[in-house]
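Visitor: Generate a structure from the sequence data that follows.
(one chain, ligands or ions: 3)
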Amino acid sequence: MSLLVKGGIVVGATGTQPADVLVEGEKIVAVLDPAYSQTVQADELIDATGKYVIPGGIDAHTHMELPFGGTAASDTFETGTRAAAWGGTTTIIDFAVQRTGEVVQDGLAAWHAKADGNCHIDYAFHMILGGVDDDALKAMDQLVADEGITSFKLFMAYPGVFYSDDGQILRAMQTARENGAMIMMHAENGIAIDVLVQQALARGETDPIYHGITRPAALEAEATNRAISLAEVARDCPLYIVHLSASQALEHVAVARDNGRNVFAETCPQYLYLTLEDQLGAPGFEGAKWVCSTPLRSKHEPHAKDLWKGLRSNDLAIVSTDHCPFCMKDQKELGRGDFSKIPNGIGGVEHRVDLIYQGVVDGQLSLERWVETIATTPARMFGLYPQKGVIQPGSDADLVVYDPNGTTRISAETHHMNMDHSAYEGFEISGRVDKVISRGSVIVADGNYHGRKGHGRYLRRGLSSYLV
Ligand code: URP
Ligand code: ZN
Ligand code: ZN
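Guide: Ligands and ions are numbered 1, 2, ... in the order given. Just a heads-up that it's a prediction; the model follows:
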């Protein structure tokens, strides 16, 4: 079965050109100058005239079905990957979980059981290590060697849940330095945050906004700097800071990168568009919708402006969503009267491609940088390149036809995520996902869904392309 995507403007990380994309089966076989593709025959033709053709989005940070905060993230692998597909994302990297006292491989097996046969798009896993000990360190080697899992997330936050102390972090980093894996860090000083949380609650400060106030930027910056120092001690172990939200944390990443260190970072759309005052501080309990960690930052400080700048300068390499949805009903409501009991997380896997395209429209990013931050760099960072993240012969035919003349209105009434609200309710995007192709199959076309659960395959990943 062949497919010709014809008449579009192909946008890649390194340039933009009118080109036709020929697909055979699941693979791209040619990227053709339109002047020379007149004679090419294909079983199916997609007219992309006036539209961009980009590599399918890769969301490198999702939490489908994550048990967390006394409940579980409301998107299953089935609903979450379907929603991702609607929004132009054709690969996710989700986080399998090992908790303290659990065998790492058991945690991984549990994640495979959740995802296997249920995904609409291709998927891979990082591994959360919630209990770094001798066995977990051995398991890291085994996962890198045999399971295609080459990145491990540690937490400097959430004491008693996923928290690792500095000694555990250092040992995991030393192991990663040896086996080539990437350490992903949730960088917030959780011990200090817990003190601030208890003090706030004792003062009767229970509304959702206090979630943000008790997680100040200084404690994200401190933890980021500490993680960078620990990685340096571990002979420059590769380090990737997840969901970076604060200018001060970004400054530490920028300094490390200027010094040639193996330090990388991602941010998320919520930190580019949403704020402590306008969302987390919404009247009554509404702000619970936006309780996530790291938290939304103040609009009176230059965080969002600095994050866009960081994306331009590559101090921020990737935009992921940290998709971790919870409904208001029965989930976020667990924290009525006590913000510390609100499950932490925002859902957005469906909207990342659009929200970052809006950055192009607003003059924040170039077209090429849009593609680089949502698809190409995630593939290279996490060992999926060139199978994913690029439009070139031999790569998987994961393509999005994106209409710059379309519009997208975000609403809980129309989104496909399993959430009873939207963090971006009412947002208007000056662009629209027109068609989505996953490994040669058209799964979204003109507002209709043609995908199916079970189409998505598990991807074994290699080491990051960025390491020195
Ligand atoms: O609030 C968040 N980010 N929830 C998901 C878990 C994590 O820390 O990434
Ligand atoms: Zn985290
Ligand atoms: Zn996360």
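
Visitor: Could you check how far Glu368 is from ligand 1?
Guide: 28 Å (Cβ to the nearest ligand atom, to the nearest Å). In this view, the C-beta of every residue, glycine as well, is placed from N, C-alpha and C.

Visitor: Contact residues of this protein facing ligand 1?
Guide: Counting by Cβ under 6 Å from any ligand atom, the residues of the chain lying close to ligand 1 are His63, His186, His243, Cys292, Ser293, Asp322, Cys324, Asn344, Gly345.

Visitor: Rebuild these as TSV, extending it with distance to Ile46 and neighbour count.
Guide: As requested, these are exported to TSV (distance: Cβ to Cβ, whole Å; neighbours: other Cβ atoms under 10 Å):
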residue	distance to Ile46	neighbour count
His63	33	24
His186	40	24
His243	35	25
Cys292	37	28
Ser293	41	21
Asp322	32	28
Cys324	34	26
Asn344	40	21
Gly345	36	24
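
Visitor: show me the contacts for the nearest residue to Pro159 once chain neighbours are set aside.
Guide: Leaving out its chain neighbours, the residue that sits closest to Pro159 by Cβ to Cβ, 6 or more residues apart in numbering is Gly190, at 4.9 Å. Gly190 sits next to Phe155, Met156, Ala157, Tyr158, Pro159, Tyr163 when contact means Cβ atoms under 8 Å, 6 or more residues apart in numbering.

Visitor: Count the residues that sit near the residue nearest to Ser164 when sequence neighbours are not counted.
Guide: Excluding the flanking residues, the one nearest Ser164 by Cβ to Cβ, 6+ apart is Leu154, at 4.8 Å. Other residues near Leu154 come to 25 when the count uses other Cβ atoms under 10 Å.

Visitor: before we move on, what about the one 5 residues further on?
Guide: Here the neighbour count serves as a burial measure; for Pro159 (other Cβ under 10 Å) it reads 14.

Visitor: now, which of the residues of the chain next to ligand 1 lie within strands?
Guide: Among the residues of the chain next to ligand 1, the ones falling in strands (DSSP state E) are His186.

Visitor: Let me have the residues of the chain next to ligand 1 in a markdown table, extended by pLDDT and distance to His351.
Guide: Output for the residues of the chain next to ligand 1, formatted as a markdown table (pLDDT from 0 to 100; distance: Cβ to Cβ, whole Å):
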| residue | pLDDT | distance to His351 |
| --- | --- | --- |
| His63 | 98 | 16 |
| His186 | 98 | 22 |
| His243 | 98 | 16 |
| Cys292 | 98 | 15 |
| Ser293 | 98 | 20 |
| Asp322 | 98 | 13 |
| Cys324 | 98 | 14 |
| Asn344 | 98 | 19 |
| Gly345 | 98 | 15 |
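
Visitor: Any chance of the residues of the chain next to ligand 1 in CSV with distance to Gly50 as columns?
Guide: Shown next, in CSV, are the residues of the chain next to ligand 1 (distance: Cβ to Cβ, whole Å):
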residue, distance to Gly50
His63, 37
His186, 42
His243, 35
Cys292, 37
Ser293, 41
Asp322, 33
Cys324, 36
Asn344, 42
Gly345, 37
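
Visitor: quick one on the thing from earlier: report the buried members of the contacts of Gly190.
Guide: Using 16 or more other Cβ atoms under 10 Å as the burial test, the contacts of Gly190 include Phe155, Met156, Ala157, Tyr158, Tyr163 as buried.

Visitor: Now the fourth one: which helix or strand?
Guide: According to DSSP states H and E, Tyr158 maps onto no helix or strand at all.

Visitor: Give the buried residues for stretch 220-235.
Guide: For stretch 220-235, the neighbour count (16+ other Cβ under 10 Å) marks 220-228, 230-232, 234 as buried.

Visitor: Centroid-nearest residue for this structure?
Guide: When Cα atoms, centre = their mean is applied to the chain, the residue found nearest the centroid is Ser320 (2.4 Å).

Visitor: quick one: contacts for the closest residue to that one other than its chain neighbours?
Guide: In this structure, Ser320 finds its nearest non-sequential neighbour in His61, 3.4 Å apart by Cβ to Cβ, 6+ apart. Contact analysis of His61 by Cβ under 8 Å, 6+ apart lists Ile93, Phe95, Val242, His243, Glu266, Cys268, Ser320, Thr321, Asp322, His323.

Visitor: Contacts made by the helix or strand hosting Arg171 with the rest, please.
Guide: Assessed by DSSP H and E, Arg171 sits inside helix 166-179. Here helix 166-179 makes contact (Cβ under 8 Å, 6+ apart) with 129, 132-133, 136-137, 140-141, 144-145, 152, 154, 156, 164, 181-183, 185, 226-227, 230-231, 233-239.

Visitor: Looking at those, which are in strands?
Guide: Leu129, Phe152, Leu154, Met182, Ile183, Met185, Leu239.

Visitor: Can you add distance to His415 and give those residues back as CSV?
Guide: As requested, the ones in strands among the contacts of helix 166-179 are exported to CSV (distance: Cβ to Cβ, whole Å):
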residue, distance to His415
Leu129, 32
Phe152, 31
Leu154, 32
Met182, 31
Ile183, 33
Met185, 30
Leu239, 34
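
Visitor: Distance-wise, check Gln358 relative to Ala35.
Guide: 33 Å (Cβ to Cβ, to the nearest Å).

Visitor: Comparing those two, which residue is more hemmed in?
Guide: Higher neighbour count among Gln358 and Ala35: Gln358, with 21 against 8, using other Cβ under 10 Å.

Visitor: That one reaches Tyr424, doesn't it?
Guide: No: using Cβ atoms under 8 Å, Gln358 makes no contact with Tyr424, being 10.3 Å away.

Visitor: Brilliant, that's me finished.
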